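Engineer: Below is the sequence, then the predicted model.
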Amino acid sequence: MLCALIMAGGKGERFWPLSTDEKPKQFLKLLGNETMLQMTVGRLKRLIPIDRIFVVTGEIYKDLVQEQLPELPKDNIILEPVGRNTAPCIALSAMYIKQFYDNAVLAVLPSDHLIRDDEKFLTLLEAGSNFIQKNEKAIVTIGITPDRPETGYGYIKFNKENTQQEKLDEVASDIDGIEILSVESFVEKPSLDIAKQYIAEGNYLWNAGMFIWSIDNILELTKKHINHTYNILNTIDISNRESFIEQCKEKYPLVDNISVDYAIMEKAQYIHVIPGEFGWDDIGSWFSVERYSDKDDNNNVHKGDVKTIDSKNNLVISSGKPIVVAGVENLLVVESDEIIFICHKDQIQNLRAIKQKVQKEKSN
């Protein structure tokens with residue numbers, strides 16, 4: 001039985017000022033009429049019933065999740081009182097979901113990624129689930145076939161010989177006609193020269209942060225590799241939701257602050273990857289929004305009540321007020337509820353630092 005866990009706790013600082021601490025990017029309509037979270041759940045509902053879809057998010061976002069996903073059962077919203085990175089978040093969620101679906105296969109997915117070919121993605125997700133059902137000690141991740149030497153993503157190096165397969169319960173190099181490859185290592189974000197080398201070698205995929213495993217396996221791996229976190233989480237009463245929430249507030253801040261990549265993926269055996277080509281992007285900055293948005297004849301992107309005159313290569317976002325830009329180029333213009341922000345596009349990569357500076361000056 002396949003369940004899905006959607007990670008929806010990020011702050012989305014690279015989309016400031018539209019994305020705020022109170023309403024980060026997963027709750028915004030960046031690429032259409034639905035928010036990123038709504039797009040993710042809508043896609044998954046074609047494969048997984050809504051009762052088996054769970055969302056883990058920060059406690060402050062509970063109302064936003066309920067507002068945007070009214071069909072999601074309230075018990076399927078898992079609340080983190082504080083952020084402690086992905087490893088404890090996934091372990092806490094797995095313990096919680098296990099009470100409803102004891103022997104489930106769990107797919108862990110980001111809430112804020114673009115996938116343009118839903119059918120192809122769901123086919124790979126189902127194949128990964130079927131592989132785990134036959135190989136309960138395995139982990140499957142979905143890697144993205146790179147089309148450029150990208151320095152902003154981590155990479156997955158796969159083993160061309162698939163030597164790990166012989167150690168699993170069922171020897172297989174594919175399932176449902178989908179190729180399953182053994183993983184040799186996970187690699188941090190590279191320099192441009194090294195990224196070019198990865199492309200040339202041909203056995204590297206982008207790490208999209210999508211994982212499929214049995215609930216029992218991820219809990220066993222948590223117990224083995226981050227025992228301190230496991231022991232703390234294991235004392236939380238999950239049988240009563242109110243008690244669960246209160247005990248999380250008390251105990252969850254004490255767990256390790258560590259990513260699942262460092263805590264589990266770099267140490268676990270039997271890791272496999274499915275190469276994927278389904279129009280994926282992590283939507284990591286305003287450049288991503290620009291890349292997938294319609295443009296006028298002068299390469300301007302308009303969202304909301306926007307008019308451009310004698311201008312080109314601008315990205316202009318209105319949240320309600322009319323915006324007119326004239327005689328300018330290569331600008332980002334964003335109108336939010338609290339601020340109107342204008343910068344040259346070459347400053348987009350510095351948005352986090354700009355946000356911090358503005359907030360510091362505002363507080364003084």
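Structural biologist: Everything's here; your move.

Engineer: Check the secondary structure at residue 274 for me.
Structural biologist: Following DSSP: H, G, I helix; E, B strand; the rest coil, residue 274 is assigned to strand.

Engineer: what sits opposite the spatially most central residue of the chain in the beta ladder?
Structural biologist: Closest residue to the average C-alpha location of the chain: residue 110 at 2.2 Å, with Cα atoms, centre = their mean. Residues in a beta bridge with residue 110, per DSSP bridges, are residue 7.

Engineer: For it, which residues are in contact?
Structural biologist: 6, 7, 40, 208, 209, 210, 282 (Cβ atoms under 8 Å, 6 or more residues apart in numbering). Where C-beta positions appear, they are placed from N, C-alpha and C, glycine not excepted.

Engineer: Now the fourth one: closest residue in space that isn't a chain neighbour?
Structural biologist: Read it as residue 208. Excluding the flanking residues, the one nearest residue 208 by Cβ to Cβ, 6 or more residues apart in numbering is residue 144, at 5.2 Å.

Engineer: Surely residue 270 touches residue 137?
Structural biologist: Yes. Between residue 270 and residue 137 there is a contact at 5.3 Å, judged by Cβ atoms under 8 Å.

Engineer: Doesn't residue 219 belong to a helix?
Structural biologist: Yes. Counting by three-state DSSP, residue 219 is located in a helix.

Engineer: ok, now which ones touch it?
Structural biologist: Here residue 219 is in contact with 91, 94, 95, 98, 230 (Cβ under 8 Å, 6+ apart).

Engineer: Give me the subset of those that lies in helices.
Structural biologist: 91, 94, 95, 98, 230 (DSSP state H).

Engineer: I'd like the contacts of residue 219 as a markdown table, with neighbour count and pLDDT appended.
Structural biologist: Formatted as a markdown table, the contacts of residue 219 follow (neighbours: other Cβ atoms under 10 Å; pLDDT from 0 to 100):
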| residue | neighbour count | pLDDT |
| --- | --- | --- |
| 91 | 26 | 97 |
| 94 | 25 | 97 |
| 95 | 20 | 97 |
| 98 | 18 | 96 |
| 230 | 20 | 97 |
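
Engineer: which pair in these spans the largest distance?
Structural biologist: 98 and 230 (13.3 Å; Cβ to Cβ).

Engineer: Just the C-alphas of stretch 102-117, formatted as CSV.
Structural biologist: Output in CSV follows, covering the C-alpha atoms of stretch 102-117 (Å, rounded to 0.1, in the frame of the first residue of the first chain):
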residue,chain,number,x,y,z
ASP,A,102,1.2,-0.3,9.4
ASN,A,103,2.9,-1.9,6.5
ALA,A,104,2.8,1.0,4.0
VAL,A,105,5.3,2.0,1.4
LEU,A,106,6.0,5.7,1.9
ALA,A,107,6.8,8.2,-0.9
VAL,A,108,8.4,11.4,0.5
LEU,A,109,8.0,14.3,-1.9
PRO,A,110,8.6,18.1,-1.9
SER,A,111,5.6,20.4,-2.1
ASP,A,112,7.1,23.0,-4.3
HIS,A,113,8.4,21.3,-7.4
LEU,A,114,7.2,21.7,-11.0
ILE,A,115,6.3,18.5,-12.9
ARG,A,116,4.9,19.0,-16.4
ASP,A,117,4.4,15.3,-17.4
